[in-house]
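Colleague: Sequence and predicted structure, then a few things I'm wondering about:
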Amino acid sequence: MSEWTGTDLLLFYKALNEAHGSQNWWPSDTPFETIIGTILAQNVSWKGAHDAVRALTKANLMEPAKLYRAGSDIITPLIRSSRYYNQKTQKILLFVNFFLKKYDGSINRMAEMPTGEVRSELLALSGFGPETVDSILLYALEKPVFVVDAYTRRIGARQGWFPETSTYEQMQDFFMRRISPDVYLYNDYHAQIVFLGNHICKKNPVCAICPVKNYPGLHECEYAKMENTRV
């Protein structure tokens with residue numbers, strides 16, 4: 001479907017970065033906090049997840065062993081701002097149990113393992129889908145894994161990157177086959193897509209202020225083409 005090359009995708013990123021600056025994801029004090037934040041951010045705004053992270057931090061629980069000992073009765077009330085807090089409490093406890101048993105609570109030990117092996121282990125945890133797992137790999141363990149999401153699907157379909165019905169793996173593969181592994185680039189590229197999808201390329205897009213519209217060297221957006229034919 002797509003004629004986009006790696007050069008085209010880097011130019012697309014350049015347009016976003018020039019317009020919005022580096023997004024500096026993921027905002028946290030430690031890689032472990034990033035992991036917990038990733039779990040809490042499922043199906044909720046970043047503010048809701050961030051408030052839950054702050055509550056856990058204020059309670060002095062942002063350590064694997066402390067969280068595990070705290071249990072659901074203490075964790076659940078603290079993370080209510082994150083929505084689906086009962087399920088997320090169980091996911092946090094499931095992760096810290098795995099993390100303590102397999103890696104003795106060491107981010108460094110976990111990061112030293114091959115990416116595919118850690119990815120398989122995390123995907124085997126109940127409730128951990130590819131977006132959550134890849135976010136952990138990229139943002140906490142600094143593994144060069146491109147994260148895609150609902151915003152990527154919407155923007156990708158409109159740009160003609162891939163069909164809207166593409167699987168997570170197909171969308172991810174689209175980027176990773178075209179852009180050489182680069183932790184910083186993968187990090188900020190995903191963050192830029194999220195910003196674009198959240199603020200401009202929404203369900204009802206604000207095309208007039210789109211930073212990639214008419215950017216020199218870029219393909220015309222498929223959505224814009226359709227809109228132009230209706231005029």
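Modeller: Nice, I can see it.

Colleague: residues in contact with the closest residue in space to Glu131 that isn't next to it in sequence?
Modeller: Ranked by C-beta to C-beta, 6 or more residues apart in numbering and with sequence neighbours excluded, the top spatial neighbour of Glu131 is Asp149, at 5.5 Å. C-beta here means a position set from N, CA and C on the backbone, and glycine is covered the same way. Residues near Asp149 by C-beta atoms under 8 Å, 6 or more residues apart in numbering: Glu131, His190, Ile193, Val194.

Colleague: Could you export those as CSV, including neighbour count and secondary structure?
Modeller: Output for the contacts of Asp149, formatted as CSV (neighbours: other C-beta atoms under 10 Å; DSSP: H, G, I helix; E, B strand; the rest coil):
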residue, neighbour count, secondary structure
Glu131, 19, helix
His190, 25, helix
Ile193, 24, helix
Val194, 19, helix
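
Colleague: Show me which of those residues is closest to Leu16.
Modeller: Ile193 (7.7 Å; C-beta to C-beta).

Colleague: Which pLDDT value goes with the closest one?
Modeller: Looking at Ile193, its pLDDT reads 98.

Colleague: now do the one 10 residues further on
Modeller: The per-residue pLDDT reported for Lys203 equals 94.

Colleague: thinking again about what came up before, quick check: the gap between the residue nearest to Glu131 and Ile74.
Modeller: Remark: distance between Asp149 and Ile74 (C-beta to C-beta, to the nearest Å) = 31 Å.

Colleague: Between all of the contacts of Asp149, which two are at the greatest distance?
Modeller: Pairwise over these, using C-beta to C-beta, the maximum falls at Glu131 and Ile193, 12.5 Å.

Colleague: My guess is Glu63 contacts Phe32. True?
Modeller: Yes: Glu63 lies in contact with Phe32 (C-beta atoms under 8 Å); the separation is 7.2 Å.

Colleague: Which of the two has more residues huddled nearby?
Modeller: Phe32 (20 against 15; other C-beta atoms under 10 Å).

Colleague: what mean pLDDT does the longest helix along the chain have?
Modeller: As assigned by DSSP state H, the longest helix anywhere in the chain is helix 85-103. In this model, helix 85-103 carries a mean pLDDT of 98.

Colleague: Equivalent analysis for stretch 3-16, please.
Modeller: The pLDDT scores in stretch 3-16 average 96.

Colleague: Would you mind listing the buried residues in that stretch?
Modeller: Trp4, Asp8, Leu9, Leu11, Phe12, Tyr13, Lys14, Ala15, Leu16 (16 or more other C-beta atoms under 10 Å).

Colleague: Quick check: Leu123 vs Tyr139, distance?
Modeller: 17 Å.

Colleague: For the two, indicate the residue with more neighbours.
Modeller: Tyr139 (25 against 13).

Colleague: quick one, phi/psi of the closest residue to the more buried one other than its chain neighbours?
Modeller: The spatially closest residue to Tyr139, leaving aside those adjacent along the chain, is Trp26, at 4.1 Å (C-beta to C-beta, 6+ apart). When read as degrees, to the nearest 10, the backbone of Trp26 gives phi -100, psi 130.

Colleague: Burial check on Trp26, number of neighbours?
Modeller: Trp26, neighbours per other C-beta under 10 Å, totals 20.

Colleague: residue contacts, it?
Modeller: Taking C-beta under 8 Å, 6+ apart, one finds Thr34, Gly37, Thr38, Ser135, Tyr139, Ala140 in contact with Trp26.

Colleague: Since that was my last question, I'll sign off now.
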